[in-house]
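1. Build me a structure from this.
(chains A, B, C and D)
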Number of protein chains: 2
Amino acid sequence: MNLKLQSFFPYQLAVLAETVSRAMAQVYAERFELSRDEWRVVAALYENGAMKTTDVIAQTTLDKMQVSRAVARLEHDGLLQRSEDSADRRNKVLRLLPAGQAQVARIVPLVQARVEFLLEALDADERRSLEALFGKLQSRATQLIRQG
Amino acid sequence: MNLKLQSFFPYQLAVLAETVSRAMAQVYAERFELSRDEWRVVAALYENGAMKTTDVIAQTTLDKMQVSRAVARLEHDGLLQRSEDSADRRNKVLRLLPAGQAQVARIVPLVQARVEFLLEALDADERRSLEALFGKLQSRATQLIRQG
DNA sequence: TATTGTTATACTCTATAACTATA
DNA sequence: TATAGTTATAGAGTATAACAATA
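-> The predicted structure follows:
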């Protein structure tokens, strides 16, 4: 193994993720003024319909504070609605408003086109292989963190 | 393509990179109190010996402000030495001091062991393939950013 | 005029925990 | 007592640009 940053796996991964993340943020942040956390929240709601805050947290890798703040801003901007869950009044149920739906509907094809552009570089085998490699690495990295 | 975050490529990549990055930071940050930027600077100097600031910038994806601040703290902590370049007195030449060398020498094997643990999940073919895939994706992502 | 590196400033993110309300 | 969600606050990181020294 080589410490030279350019060939050091964690460095390559960090640089690639940062680059891809910026390429996506050029769409949802620069053109649509959403933060990354706001984008994750609306993307989850767009895909799943109404969700409880706890489920959004589970699906987005955001913590409750990040979701709370993203939701407050999205509600203020009229993109989503927050309502109580009659089954357990500690929960909040989140739902995109029409303006939010429309906003996400404008963003999604642009973001998908960018992802497609990235993945065009890979054939079907390579895409499958990438997915498998990510799965293995993710599970090992999670193990490392747990061990501390 | 699927917008569902869990199967959305940029999301998987961001989560993986974040996890790996934390696993590495557990070593250099929690045990050795270096920031990510400081770690990149000392790693580059450890690998290459004395370097001009501009070369550190080129090799670390950090900008001049990040390097300037990282270097100021590393110098304050007695880990590196900053001196002038007689050929062009605008440049600063950076060099690890013995204390810095020793510090990095303690960190490197721990970090390498963690990377080895991650990559153990992959056979030789898979490692090569990962490297190739990263290269293709990085070049496409950079293209996207340039286009804006 | 352009480049290297430092400093200033404002802004955003993050981490931790205290707090309110419900259960 | 425990959980869902909000608020407070301090610290870290980021972005932009002004600036001094040198070329």
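2. Next one: residue A:134 from chain B, what distance?
-> 5 Å (CB to the nearest CB, to the nearest Å). All C-beta atoms are positioned from the backbone trio N, CA, C, and that covers glycine.
3. any idea of the mean pLDDT for the helix or strand hosting that residue?
-> Here residue A:134, judged by DSSP states H and E, is contained in helix A:124-147. Here helix A:124-147 scores 95 as its mean pLDDT.
4. Kindly report the same for stretch A:47-61.
-> 96.
5. Next one: residue A:34 from chain B, what distance?
-> 14 Å.
6. tell me the centre residue of chain A?
-> residue A:40 (4.0 Å; CA atoms, centre = their mean).
7. Check what pLDDT that one gets.
-> pLDDT at residue A:40 comes out at 98.
8. Next, the contact list for it, please.
-> Residues in contact with residue A:40 (CB atoms under 8 Å, 6 or more residues apart in numbering or on different chains) are A:60-62, A:70, B:5, B:11.
9. Also residue A:141?
-> B:16, B:19-20, B:23, B:118.
10. DNA strand C contacts on chain A?
-> Proximity of chain A to DNA strand C (CB under 7 Å from any atom of the strand) is limited to residues A:35-37, A:63, A:65-66, A:88-90.
11. same thing but 6 Å
-> Within chain A, the positions adjacent to DNA strand C are A:35, A:65, A:88-90 by CB under 6 Å from any atom of the strand.
12. Which of those ranks first by neighbour count?
-> residue A:35 (16 neighbours; other CB atoms under 10 Å in any protein chain shown).
13. Pretty sure that residue sits against residue A:42.
-> No. At 10.6 Å, residue A:35 and residue A:42 do not qualify as touching, with contact defined as CB atoms under 8 Å.
14. pLDDT averaged over stretch A:79-99 - what is it?
-> Mean predicted lDDT for stretch A:79-99 stands at 97.
15. Model confidence for the spatially closest residue to residue A:131 that is not a sequence neighbour, exactly?
-> Counting by CB to CB, 6 or more residues apart in numbering or on different chains, residue B:12 is the residue found nearest to residue A:131 once chain neighbours are left out, at 8.0 Å. For residue B:12, the pLDDT comes out at 97.
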